[in-house]
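Asker: Attaching a predicted model along with its sequence, questions to come.
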Number of protein chains: 2
Amino acid sequence: MSSSSPSSDVTVGSINPKVVKCEYAVRGEIVIHAQRLQQELQTKPGSHPFDEILYCNIGNPQSLGQQPVTFFREVLALCDHPAILDKGETRALFSSDSITRAQKILDQIPGRATGAYSHSQGIKGLRDAIAAGIAARDDYPSNPDDIFLTDGASPAVHMMMQLLLRSEKDGILCPIPQYPLYSASITLHGGSLVPYYLDEATGWGLEISELKKQLEDARTKGTSVRALVVINPGNPTGQVLAEDNQKAIVEFCKREGLVLLADEVYQENIYVNDKKFNSFKKIARSMGYGEKDLALVSFQSVSKGYYGECGKRGGYMEVTGFSAEVKEQVYKLASVNLCSNISGQILASLVMNPPKVGDKSYESYIKEKDGILQSLARRAKALEAAFNSLEGVTCNKAEGAMYLFPRLNLPRKAIEAANAAKVAPDAFYARRLLYATGIVVVPGSGFGQVPGTWHIRCTILPQEEKIPAIISRFKAFHEAFMKEFRD
Amino acid sequence: MSSSSPSSDVTVGSINPKVVKCEYAVRGEIVIHAQRLQQELQTKPGSHPFDEILYCNIGNPQSLGQQPVTFFREVLALCDHPAILDKGETRALFSSDSITRAQKILDQIPGRATGAYSHSQGIKGLRDAIAAGIAARDDYPSNPDDIFLTDGASPAVHMMMQLLLRSEKDGILCPIPQYPLYSASITLHGGSLVPYYLDEATGWGLEISELKKQLEDARTKGTSVRALVVINPGNPTGQVLAEDNQKAIVEFCKREGLVLLADEVYQENIYVNDKKFNSFKKIARSMGYGEKDLALVSFQSVSKGYYGECGKRGGYMEVTGFSAEVKEQVYKLASVNLCSNISGQILASLVMNPPKVGDKSYESYIKEKDGILQSLARRAKALEAAFNSLEGVTCNKAEGAMYLFPRLNLPRKAIEAANAAKVAPDAFYARRLLYATGIVVVPGSGFGQVPGTWHIRCTILPQEEKIPAIISRFKAFHEAFMKEFRD
């Protein structure tokens, strides 16, 4: 009891230990270093052997120069300031279909009030558009009442963790490596992460035998495993799951009574011709499984794809296979935060219902979209080849998503130096890389990896014209690093 | 252990009991009834004795017709679609200072990328503007590094509860009646709400003796009380604290080692000449108390004030008096969700730094602002008088905020009828009101009240020209209700 303690009793030792324990490497220590270096470059130009910090730590395309899709921004601007909709000058400044679309969206908002709290699941008309977009993508129906619009995918993931986790005896099966939102959210909500390892040797394959083994292991230890997280396309690993594999995963979840939490935020980011994105809902429905067979939540975000609108914080989850009573609880959780931001809601509807053939903006829209996706594919390939050309580095193909996750076979002496510096060897490498080149990557230890292996996650997002220079800076650094530490 | 249970084991009985326990009356049962009635009115016009649902349950001004401030929306639209900034037509459509302001804001955003994730506390230049706005308001400095931009005030409150609460042995002192975000958030994060009662007889006065009594009581029961929540101006109660009272509250928190969580989202909503908003930071600093003396968090939102931009989900908290280590933990929590939405961030900076004398938009801005605030004051007065004219109803003055919280002295027969229907008497009254008039109010039981007293919360937000009709509908309903149940 802290009956008469001073206010300074709010210390790291006296706050919620789950908060202290939680880690989020994507914005962790390496980024704090990078931000300091960036300030130093501003105040003392020339103080470091590079003139800019290159943030390859986070899937944040527009921070590295990617331009937003014009049509989306036109509609957002018009919805922000509807007073200009019927002005003559507006027709000169905006595409005609963006004006029509903004009108249509405003008509769907009660009172055309983009500044009002909406229904806690999101504006009904926008959910209708999203459900129609999902149905068109999957060829299976989607119910707007299953859609919960959220400020990006992260709050949706938190909401599901908060719903499912009762104590540390409740577990969630997560891939290793994983996007650390999952580990952070599970820690914050007091549950246990049950790891399953992706197989690097088979291009980060997801083996059902591994799922089974880890599930049984966790159950033996008394953990009640509530859900399976699958990230497809993979983050940080970039693989795209094959249809047969997805079917086996659905079967596994159904048999074992697990909620399938499907992180599908990279559904538009596919860079190889022999792979295709299939939503887990489409797979489940194609197997004849409906609402009663499988509890499935699909997460989508406006931050990824070719749109890359991270700062808009838009996204949704499609919640299927839960009872009406449990969905009411999800609604209540959503309602405590009132609603997600309306611009993000509008953008989520646009992303799932972009211009169609015949629309005035269609051609320019497709040109922008294809330009971004084709360039991302070229960048992924160039960086993958570069990593594979480095001594002691191997890198699987980025079939999708926005990252490469090369493995570093570090020399013994480098590992010893890292141990002496009390950091993980890949964090040691990443920090050296930052101070030598200004390039920010995230150490594999932030995502989890097979013990004794070391990786980094590097986005494929720097602008294409900068890639050659980045590759040479990286190569020069790596050669010097190996020279310094080679056994 | 649910080793081989089917997916249907996700039931209300098997999910997180904190979620099930949590309540949020502002969007609770009465609103679900109202939404159903609204649908019925659409599909079967004339099916009810009213032709529209009037949502007086929630402080959502634009949903009831309040127009957004033009300057703010101009800047937002230009930041959404900067491609039009240097077009000739733009100068015809937008005020010149909105163009300048948008340019200035874009210059503060790295790469002018409004679609990029920002720093997890928010864009530095916008935090600078907010800190300057706070300093101008308070005449005491504000540090931009203390500002955390959030998607409205709600996530900020959740973040602080998540930080401070370790178990149900940790308590938070909350006013009763309170805005149910606090009770919901404390429940979700597993802590205990320690109530202190506001004194209805003295205009919802906040008595230090009551704080002391409840604190001692909680400590005797083994509760470690970590923070005191004060809502000023009050929600749902509408009182504005006097300076001396605020000083005594600061002194109390300092002496007792409590974090002061100051909900100051209604700081612009003051309707009486003899009261003035003082931030708790200003009060503390004026007493000579600095960082070391008091841990203080001030919450602000773009949803309230004269701006009422609820759907934009912008807001911030100013976190002072915490150690660097604890602030790092707050930063980490913010970083797990990456950042708040950029439009909301921009709007928060505009609200704290609106047009100044001499700016092109100043006159029209002031006209819009004063028009809204003066109208709100008139509406508050009219509704207050109307409530006080009803048999058995007494209503304190709305000095500030957006609500009236009249007390209903219900006849014994009405209470018996409510008991028979298994609802709280004020919920019974609110439901009857809804079905008779289409007016949605929140039962006092959703906010907490002295046991045996009954209230409703009604916003002052319906458009001014509708107020007379609302008052007569309300009066007619109340008279009929009293006639039916009078003892």
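Answerer: In hand now; what should we look at?
Asker: Excluding chain neighbours, what is closest to the spatially most central residue of chain A?
Answerer: In chain A, the residue lying closest to the centroid (C-alpha atoms, centre = their mean) is residue A:265, at 6.0 Å. Nearest residue to residue A:265, sequence neighbours excluded (C-beta to C-beta, 6 or more residues apart in numbering or on different chains): residue A:301, at 4.3 Å. Just so you know, the C-beta spots here come from the backbone N, C-alpha and C atoms, and that holds for glycine as well.
Asker: ok, how many other residues are close to that neighbour?
Answerer: Residues near residue A:301, counting by other C-beta atoms under 10 Å in any protein chain shown, number 30.
Asker: returning to what we had before: so who does the residue nearest to the centre of chain A touch?
Answerer: Going by C-beta atoms under 8 Å, 6 or more residues apart in numbering or on different chains, residue A:265 touches A:153, A:235, A:299-301, A:303-304, A:315.
Asker: out of the residues you listed, who's nearest residue A:378?
Answerer: residue A:304 (18.1 Å; C-beta to C-beta).
Asker: and the next element down the chain from the longest helix along chain A?
Answerer: In chain A, with assignment by DSSP state H, the single longest helix is helix A:362-388. Downstream of helix A:362-388, the first helix or strand assigned by DSSP states H and E is strand A:393-394.
Asker: Give the partner strands of that following strand in its sheet and their orientations.
Answerer: strand A:407-408 (antiparallel) (DSSP bridges).
Asker: Can you give the distance from the strand it pairs with to the centre of its chain?
Answerer: Remark: strand A:407-408 is offset 22 Å from the chain centroid, using C-alpha atoms, centre = their mean, to the nearest Å.
Asker: what sits up against it?
Answerer: Outside strand A:407-408, the residues that reach it (C-beta under 8 Å, 6+ apart) are A:200, A:392-395, A:425-426, A:429, A:444, A:453-456.
Asker: of those residues, buried ones?
Answerer: For those, a neighbour count by 16 or more other C-beta atoms under 10 Å in any protein chain shown gives the buried set as A:200, A:393, A:395, A:425-426, A:429, A:444, A:454-456.
Asker: Can you add distance to residue A:96 and pLDDT and give the residues you listed back as TSV?
Answerer: Output for the buried ones among the contacts of strand A:407-408, formatted as TSV (distance: C-beta to C-beta, whole Å; pLDDT from 0 to 100):
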residue	distance to residue A:96	pLDDT
A:200	51	95
A:393	51	97
A:395	46	97
A:425	57	96
A:426	52	96
A:429	53	97
A:444	49	94
A:454	54	97
A:455	49	97
A:456	47	96
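Asker: now, which of those residues lie within strands?
Answerer: When the buried ones among the contacts of strand A:407-408 are checked against strands (DSSP state E), the matches are A:393, A:454-456.
Asker: could you show me where the strands are in the stretch 151-300 of chain A, in order?
Answerer: A:170-176, A:192-197, A:224-231, A:259-263, A:296-301 (DSSP state E, counting those that start in this stretch).
Asker: Show me what the longest one is packed against.
Answerer: Using 3 or more C-beta pairs under 8 Å, 6 or more residues apart in numbering or on different chains; DSSP states H and E as the contact criterion, the neighbours of strand A:224-231 among helices and strands are helix A:153-164, strand A:170-176, helix A:208-220, helix A:243-256, strand A:259-263.
Asker: Could you check the angle that strand makes with strand A:170-176?
Answerer: 30 degrees (axes from the mean of the first three to the mean of the last three C-alpha atoms, to 10 degrees).
Asker: Taking their axis directions, strand A:224-231 and helix A:208-220 sit at what angle?
Answerer: 150 degrees.
Asker: Contacts for strand A:224-231, please.
Answerer: A:160, A:164-165, A:169-175, A:178-179, A:182, A:191, A:194, A:206, A:211, A:215, A:218-219, A:237, A:241, A:249, A:252-253, A:256, A:258-263, A:280, B:1-2, B:10.
Asker: PyMOL command for the buried members of those residues?
Answerer: The PyMOL selection below is limited to those of the contacts of strand A:224-231 classed as buried (16+ other C-beta under 10 Å):
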select buried, (chain A and resi 160+164+165+170+171+172+173+174+175+178+179+182+191+194+206+211+215+218+219+237+241+249+252+253+256+258+259+260+261+262+263+280) or (chain B and resi 2+10)
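Asker: any idea how chain A splits into domains?
Answerer: As given by automatic domain parsing, the domain ranges for chain A are A:17-65+A:366-485, A:108-351.
Asker: Show the end-to-end separation of the shortest one, please.
Answerer: What that stands for is domain A:17-65+A:366-485. End-to-end distance for domain A:17-65+A:366-485, by C-alpha to C-alpha, to the nearest Å: 38 Å.
Asker: Equivalent analysis for stretch A:433-447, please.
Answerer: Stretch A:433-447: ends 19 Å apart by C-alpha to C-alpha.
Asker: Indicate whether it makes contact with chain B.
Answerer: No - between stretch A:433-447 and chain B, judged by C-beta under 8 Å from any C-beta of the partner chain, nothing touches; the nearest distance is 12.3 Å.
Asker: Was I right to think residue A:73 contacts residue B:80?
Answerer: Yes - contact criterion C-beta atoms under 8 Å: residue A:73 and residue B:80 qualify, at 5.6 Å.
Asker: When these two are compared, which one has more neighbours?
Answerer: residue B:80 (29 against 26).
Asker: ok, residue A:129 - contacts?
Answerer: A:349, A:352-353.
Asker: ok, of those, which one's closest to chain B?
Answerer: residue A:349 (14.3 Å; C-beta to the nearest C-beta).
Asker: The closest one should be in a strand, yeah?
Answerer: No - assigned with DSSP: H, G, I helix; E, B strand; the rest coil, residue A:349 falls outside any strand and is helix.
Asker: And it, how far from residue B:339?
Answerer: 22 Å (C-beta to C-beta, to the nearest Å).
Asker: ok, residue A:392 - contacts?
Answerer: A:408-411, A:482.
Asker: near chain B, which residues of the stretch 101-250 of chain A?
Answerer: Counting by C-beta under 8 Å from any C-beta, the stretch 101-250 of chain A comes close to chain B at A:110-111, A:113-120, A:151-152, A:154-155, A:158, A:162-166, A:181, A:184-185, A:188-189, A:219, A:222, A:224, A:226.
Asker: Now, of these, which are buried?
Answerer: Buried among those (16+ other C-beta under 10 Å): A:113-120, A:151-152, A:154-155, A:158, A:162-166, A:181, A:184-185, A:188-189, A:219, A:224, A:226.
Asker: In terms of helices and strands, where is the closest residue to residue A:477 other than its chain neighbours?
Answerer: Of all residues not flanking residue A:477 in the chain, residue A:436 sits nearest, at 4.6 Å (C-beta to C-beta, 6+ apart). Assessed by DSSP H and E, residue A:436 sits inside helix A:425-437.
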